[in-house]
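**Student:** Got a predicted structure plus its sequence, pasted below:
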Amino acid sequence: MTLSISGDQFILEGKPFRILSGAMHYFRVPREYWHDRLGKMRLMGLNTIETYVAWNLHEPKPGEFHFEGNLDIEAFIRAAAEHGLKVILRPGPYICSEWDFGGLPAWLLKDPQMQVRCSYPPFIAAMDRFFDVLLKPLLSLQFSQGGPIIMVQVENEYGSYGDDKAYLAHIRDTLRRIGVVEFLFTSDGEQGRNLNAGMLDGTFATVNFDHAPEHAFKLLRELQPDGPLMCSEFWDGWFDHWKLWHETRPAFRVAAIFERMLKAGASVNLYMWHGGTNFGFMNGANYVFGKYLSIVNTYDYDAPLSEAGDITPKYHRLRQVISKFAPVPDEPLPANAPKLQIEQVEVTSAVSLWKSLPKLSSPVRLPNPEPMEYLDQNYGFILYRIRLSGPQSGSMSIKGLRDRAQVFVDGKPVGVLRRNRPNQSLRIAVPQAGAQLDILVENMGRVNFGPELMDRKGILGGVILNGHYVFDWEVFCLPLDDLSALEFANTENVMNEPAFYRAAFMVDQPLDTFLKLPGWEKGVAWVNGFNLGRYWKVGPQQALYVPATVLKPGKNELTLFELHGTRKMQARFTAKP
């Protein structure tokens, strides 16, 4: 028996069932913490967990699939069942979620003609292949087979993107062909045009919003007169962009809106209940009013459970609201976990990027710069190098920069060019003997929402010097997924240039902690080879979450890729972000 509808209620096992759900994504939370988080979800009074599926992690290369470790979605769903939770599965293929390219794999962009989220045949073929591999092992976990999966989403907020109903119907039919028999639904923002564009025959429409539930549900009722009301994403917090303010949503306001929804008889999914972290290079970006805005690594989201899994005042407020409408376990809540503090870690060795290039990449020769996707690179940095004849001087600009470029002449910094300043240029002086021009481009995260989704990275157009394109480049792909070959030396050997820094620190007992880097400019941090993500002094994020799972008793290693240099060779680990 599957989830069904009777009047304005969901029915499960012959009884009315109100969905009280929380969003938590397995790929954002260390596997070792899944049971801790799921237990806290049950204790709050929720009966369901919602998760997206990150296609880009499961298929990093065409036809290469990974479902081990933190990507073992089958184990995650079984863990939810152990805690008595039902599961809402949102397999995409597009998920938005402030995740790089909305969860779509970047290798799709190697096809110059690629069109995603529509009936473009190569996209459909790739999606079908992934769905076959992803979903077949999960069929036995459907509720009708004794498992916890009660709902499966078709695409994701499609009404905010396009109008290809044949594409939506193909996803619906593919799910059924593979063997998904559970309740299918769509979710869209509260604007009427979005709801209408995202609806599909044979699926149930739900709405997403963060305020004015009466207005949102009225719009939903106008388009779908029958059935229960459901908010598939009640945004109880929000996410941060680099160089902007830190987003919060007051607990009292969130609780009041939540209570109004429950009084209306609605089912609700709290987005996010526990946000976790965009580890590594997985953060997405937005394109708003003509500006590219990169999203930070923390996905704390001001959610009821913090990035580190701590119970917050918002958790208590929402638990109190739930207790008015549904039973809440009469059990003590666990104390928040202790955190590690190390006041000072000395950085003792370093090596420049220039010296390390042969260890990190083999160059490709191209007449003109190309985006990293054309070179089978998905994330990280890419370096474009050319020998310029001299003497000459003048203005240099980049056509189609994605996203941030540091420019060097003979290894010396000249300046920084940015995506949001497309007409920006730099003055370049080349001596008579000629000079080496290096352009280091950072992929700061692909757009994950809206019409600018096709977001290739690197240099898309070319480099212009004194009004002319320059040709004959060496290109170094720098995904930085393996730093084991780096040869470190004294820190005095690097200064004001891109370089790798290393520090050792001792840990008695691994505990969660936060890495802070006062005095450092911009870069990427690893602990014991695990990519924590980006740091940038502009904020708002000023600390990187370090789960205890990446630490070990005894000696540990911190590695930094600093783009601009620092004179403060120290780092800190703190109890709070």
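**Tutor:** Received the coordinates, thanks. Numbers count the residues shown, from 1 in each chain.

**Student:** could you pull out the helices for the stretch 101-250 of the chain?
**Tutor:** With DSSP state H, counting those that start in this stretch as the definition, the stretch 101-250 of the chain shows helices at residue ranges 121-135, 165-178, 192-198, 213-223.

**Student:** Now tell me which helix or strand of this structure has the poorest mean pLDDT.
**Tutor:** Lowest mean confidence among the helices and strands of the chain (mean pLDDT, DSSP states H and E): strand 489-490, at a mean of 89.

**Student:** what distance separates it from the centre of its chain?
**Tutor:** Average the C-alpha atoms of strand 489-490, do the same for its chain, and the two points are 35 Å apart (Cα atoms, centre = their mean, to the nearest Å).

**Student:** picking up where we left off before, nearest to residue 458, out of the helices of the stretch 101-250 of the chain?
**Tutor:** In terms of Cβ to Cβ, the element of the helices of the stretch 101-250 of the chain nearest to residue 458 is helix 121-135, at 21.7 Å. Any C-beta I mention is one placed from the backbone N, CA and C, and that applies to glycine too.

**Student:** who touches that closest one?
**Tutor:** Identification of contacts with helix 121-135 by Cβ atoms under 8 Å, 6 or more residues apart in numbering yields 53, 55, 58-59, 62-63, 65, 73, 91, 93, 105, 108, 111, 113-117, 167, 170-171, 174-175, 178-180.

**Student:** before we move on, back to that, can I get the next helix or strand after the least confident helix or strand of the chain as PDB, trimmed to CA atoms?
**Tutor:** Scanning the chain past strand 489-490 towards its C-terminal end, the next helix or strand to appear is strand 499-507 (assignment: DSSP states H and E). Taking Å, rounded to 0.1, in the frame of the first residue of the first chain, the C-alpha atoms of strand 499-507 are listed here in PDB:
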ATOM      1  CA  ALA A 499      51.500  28.900  -2.700                       C
ATOM      2  CA  PHE A 500      50.800  25.900  -0.600                       C
ATOM      3  CA  TYR A 501      51.400  26.100   3.100                       C
ATOM      4  CA  ARG A 502      51.600  23.200   5.600                       C
ATOM      5  CA  ALA A 503      51.300  22.900   9.400                       C
ATOM      6  CA  ALA A 504      51.200  20.000  11.800                       C
ATOM      7  CA  PHE A 505      49.200  20.000  15.000                       C
ATOM      8  CA  MET A 506      48.500  17.400  17.700                       C
ATOM      9  CA  VAL A 507      45.100  16.100  18.800                       C
END
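
**Student:** which strands and helices sit next to the following helix or strand past strand 499-507?
**Tutor:** Using DSSP H and E, the helix or strand that follows strand 499-507 towards the C-terminus is strand 513-516. Helices and strands in packing contact with strand 513-516 are listed as strand 544-546, strand 570-574; criterion 3 or more Cβ pairs under 8 Å, 6 or more residues apart in numbering; DSSP states H and E.

**Student:** quick one on the thing from earlier: who touches the least confident helix or strand of the chain?
**Tutor:** For strand 489-490, with Cβ under 8 Å, 6+ apart as the criterion, the contacting residues are 349, 350, 351.

**Student:** Would you work out how far apart the start and end of stretch 515-535 are?
**Tutor:** 10 Å (Cα to Cα, to the nearest Å).

**Student:** If you could redo that for stretch 537-549, that was the one I meant.
**Tutor:** For stretch 537-549, the first-to-last residue distance is 26 Å (Cα to Cα).

**Student:** For it, could you pull out the residues that count as buried?
**Tutor:** Residues of stretch 537-549 classed as buried by neighbour count (16 or more other Cβ atoms under 10 Å): 541, 542, 543, 544, 545, 546, 547, 548.

**Student:** mind listing what the third one touches?
**Tutor:** To tie it back to what came earlier, the one meant is residue 543. Residues in contact with residue 543, defined by Cβ under 8 Å, 6+ apart, are 514, 515, 516, 574, 576, 577.
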